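**Student:** pasting a predicted model and its sequence here:
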Amino acid sequence: MRKAGVAALVPGLVAFVLLLAFGLAGGALAKEAAPAADDPVLERRVMAVAAKLRCLQCQNQSIAESDAPLAIDLRNQMREQMRQGKSERDVVDFLLARYGDFVLLRPPLKPVTVLLWTGPILLFIAGLIALFYQSRRPRAAPEVELSETEHARALRLLRAGSGRKP
């Protein structure tokens, strides 16, 4: 009788241990908040510039949105440069000199970047042209093999419709 009582506790004990383990694991995955400037005006300036720059690690987010370590480092570097009195333009120029036009979320229109700006439009137009020509192309009916009886019946029907005798 004693063993049955202990066996009844095992599922509850297993569930408790699992909940405890998963609960503690959540705290281990928590990240420390990114440092912000003491001055809210400076922080707004940093985030405004960071919103225009691409995270080089994520590539699909701005530096302001990204939590990647590189984005945090770049925001800290921008914050420090602005604390030293550099303008937003100076900070952007520094990053452009270091990483090139790729760091900009909206790269300027240059001969090198023309395809980046016009590529999606050209692909869309090419797709429309291909769709137009595809829809205008006549479709061939699939050939169907007739059995001898079907062939003879079709001939009879054709001759009957034309007024000739079979």
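**Tutor:** In hand now; what should we look at?
**Student:** low-confidence ranges in the chain?
**Tutor:** Where the chain drops to pLDDT under 70, the residues are 1-7, 26-37, 162-166.
**Student:** redo that, cut-off 50
**Tutor:** 1 (pLDDT under 50).
**Student:** quick one, phi/psi of the residue most central in space within the chain?
**Tutor:** The centroid of the chain falls nearest to residue 60 when counting by C-alpha atoms, centre = their mean (7.5 Å). Main-chain dihedrals, residue 60, degrees, to the nearest 10: phi -120, psi 10.
**Student:** so it versus residue 105, what's the distance?
**Tutor:** Applying C-beta to C-beta, to the nearest Å, the value for residue 60 to residue 105 is 10 Å. Every C-beta, even on glycine, is put in place using the N, C-alpha and C of the backbone.
**Student:** cool, residue 132 as well?
**Tutor:** Distance, residue 132 to residue 105, by C-beta to C-beta: 34 Å.
**Student:** compare neighbour counts for these two and give me the winner.
**Tutor:** In this view residue 132 and residue 105 are compared by other C-beta atoms under 10 Å, and residue 105 has more residues nearby, 14 against 10.
**Student:** nearest residue to that one in space, please, no chain neighbours.
**Tutor:** Leaving aside its chain neighbours, residue 105 sits nearest to residue 54 (5.0 Å; criterion: C-beta to C-beta, 6 or more residues apart in numbering).
**Student:** bridged to that neighbour, which residues?
**Tutor:** Legend: beta-bridge partners of residue 54 under DSSP bridges are residue 62.
**Student:** run through the residues that contact it.
**Tutor:** Taking C-beta atoms under 8 Å, 6 or more residues apart in numbering, we find residue 54 in contact with 61-63, 102-105.
**Student:** what do you get if the cut-off is 7 Å, keeping everything else the same?
**Tutor:** Going by C-beta atoms under 7 Å, 6 or more residues apart in numbering, residue 54 touches 62, 102-105.
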